[in-house]
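Undergrad: sequence unavailable; structure follows:
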């Protein structure tokens, strides 16, 4: 089917994409570190104001998978999609109130720094790096593979060679962002992305509401009428209708999003850019506010897409609904599109395009920083700042190139399992490790390694058996059926296991070791919980 976009819109979008890629690369060159200073590369000296840092945090948190994937769930599943969108906002609130300040106090550059504040050791750093890459690589594949699909959908081409070319070319651009711009350069791209995403989305949401006489109730009922499932669209259960335990499946899926999203390393690394506890609080306030504003925007645009063009049309364009946000934006203009409306639609597509670029750049930077700082720099003693920065830039290439190659291989499969895998790893391995390390006095190094390794392995073992991987027409392998774990996520099993591994590892360490670890924690407790001493002091 055609995407319904005019030739003018496609031409204008292509020009805008080229312009935004050039401008953002230039921004990275201009704002990137101009000397061999690790603090400047890893944290940007904490020079961003709370508002700009908050927008950068929100930009890292709202990935293209969030915008397109959550928008699709809203358009296809109604009420369940709204719950998912609210869960993403709740996840950032969890980070704000529970982890933001302790992370900022304990860490310096990476998650490995935060974990080794009380448990120094190369094994902890290397394990933290491996888990960081394992959690972020699936999300990178989703964004990169989605780049080719998005450009093909907007610009109207369908050739696999062109899609692959888009993935490779834009992947190289994303690696450049991370390697050249460092933390400050990628932060500016995230800020620009959030401004465009919120501005264009708000205007489109207002246009959708104007089509229904500014009555949200009329919008919701029109969407239910066009959904094919009637009033069920406005109640829970549509998304998990095929599950043997739909209510439990829904609860564990949202819990995985809430816990996992708050702990993903590319989000938590932004805590280290704040220069004080007060600044991290203010930054998180801006971040949460931005996400909370975007939730109703996604809801209105998603319901608008269903109400104006129908659920079946959205599913025909993409079974996962990833094009619903764009289709809803286009439908808001009506059949006759003016030049101003074409320009607005171009702004929407450019914001999504920039979201793809910025999301992957932030994830590559988080992985590269961890690889360079936690693995190489700690192994090579007396490593100069210049060499460590060179290693960080080389690490961006080492992470980005395999991600690009893997993305070209998975672009024709359903990408939802990869998104879910990242959140499950965040909730089952990273969250227990951070919570125990920051707040449990008796927690030991064995418990930490058990949590990180055991939680990760549990997710990797259980995930292939979920119904997202096989056993349904919309799974990654629809032709196969090795679905033995009849849930959408692994969270119902692996989240308790992740915490249990940490407790069991601590208990097995013995009372003497636990007492020693408790005394070590008490020595840094004031730093972690109250910021009594500035990190790195």
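TA: Right, received. Where do you want to start? All values derive from a computational prediction rather than experimental measurement.
Undergrad: please count neighbours and contacts with C-alpha atoms only from this point.
TA: OK.
Undergrad: any weak-confidence spans in the protein?
TA: Applying pLDDT under 70 to the chain flags the ranges 1-7, 34-37, 44-47, 380-382, 531-537.
Undergrad: now the strands for it?
TA: Counting by DSSP state E, the chain has no strands to list.
Undergrad: check contacts around residue 299.
TA: For residue 299, the contacting residues are 71, 74, 82, 85, by Cα atoms under 8 Å, 6 or more residues apart in numbering.
Undergrad: most neighbours among those, please name it.
TA: Using other Cα atoms under 10 Å as the neighbour test, the contacts of residue 299 are led by residue 71, with 34 neighbours.
Undergrad: that one touches residue 81, doesn't it?
TA: Yes: using Cα atoms under 8 Å, residue 71 is in contact with residue 81, at 7.4 Å.
Undergrad: let me have the contacts of residue 299 in TSV, adding distance to residue 174 as columns.
TA: Below are those laid out as TSV (distance: Cα to Cα, whole Å):
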residue	distance to residue 174
71	24
74	29
82	31
85	27
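Undergrad: so which of the residues you listed are in helices?
TA: 71, 74, 82, 85 (DSSP state H).
Undergrad: wait, the second one touches residue 302, no?
TA: Yes: the criterion here is Cα under 8 Å, and residue 74 meets it with residue 302 at 5.4 Å.
Undergrad: for the residue nearest to residue 392 when sequence neighbours are not counted, give me its contacts.
TA: Excluding the flanking residues, the one nearest residue 392 by Cα to Cα, 6 or more residues apart in numbering is residue 372, at 4.9 Å. By Cα under 8 Å, 6+ apart, the contact list for residue 372 reads 388-389, 391-392, 395.
Undergrad: out of the residues you listed, which are buried?
TA: Buried subset of these (neighbour count, 16 or more other Cα atoms under 10 Å): 388-389, 391-392, 395.
Undergrad: take these and lay them out in a markdown table including distance to residue 148.
TA: Output for the buried ones among the contacts of residue 372, formatted as a markdown table (distance: Cα to Cα, whole Å):
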| residue | distance to residue 148 |
| --- | --- |
| 388 | 33 |
| 389 | 31 |
| 391 | 29 |
| 392 | 27 |
| 395 | 24 |
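Undergrad: just checking, which of the residues you listed belong to helices?
TA: Reading helices off those with DSSP H, I get 388-389, 391-392, 395.
Undergrad: could you single out the nearest of those residues to residue 172?
TA: residue 395 (13.5 Å; Cα to Cα).
Undergrad: how many residues are close by the residue nearest to that closest one when sequence neighbours are not counted?
TA: Counting by Cα to Cα, 6+ apart, residue 395 lies nearest to residue 368, which is 4.7 Å off, once chain neighbours are set aside. For residue 368, the count of nearby residues is 28 (other Cα under 10 Å).
Undergrad: residue 368: what's it in contact with?
TA: Counting by Cα under 8 Å, 6+ apart, the residues that residue 368 touches are 392-396, 399.
Undergrad: do the same with residue 422
TA: By Cα under 8 Å, 6+ apart, the neighbours of residue 422 are 134-139, 260.
Undergrad: and those residues, which two are furthest apart?
TA: 137 and 260 (14.8 Å).
Undergrad: give me the nearest residue to residue 300, chain neighbours excluded.
TA: residue 205 (5.7 Å).
Undergrad: distance of the one you found from residue 233?
TA: 20 Å (Cα to Cα, to the nearest Å).
Undergrad: the two: which has the busier surroundings?
TA: residue 233 (26 against 22).
Undergrad: would you check that that one makes contact with residue 77?
TA: Yes: under the criterion of Cα under 8 Å, residue 233 makes contact with residue 77 at 6.2 Å.
Undergrad: wait, what's in contact with the residue lying closest to residue 140 once chain neighbours are set aside?
TA: Closest residue to residue 140 apart from its sequence neighbours, by Cα to Cα, 6+ apart: residue 360 at 5.6 Å. Residues in contact with residue 360 (Cα under 8 Å, 6+ apart) are 140, 143-144, 174.
Undergrad: equivalent analysis for residue 121, please.
TA: Contacts of residue 121 by Cα under 8 Å, 6+ apart: none found.
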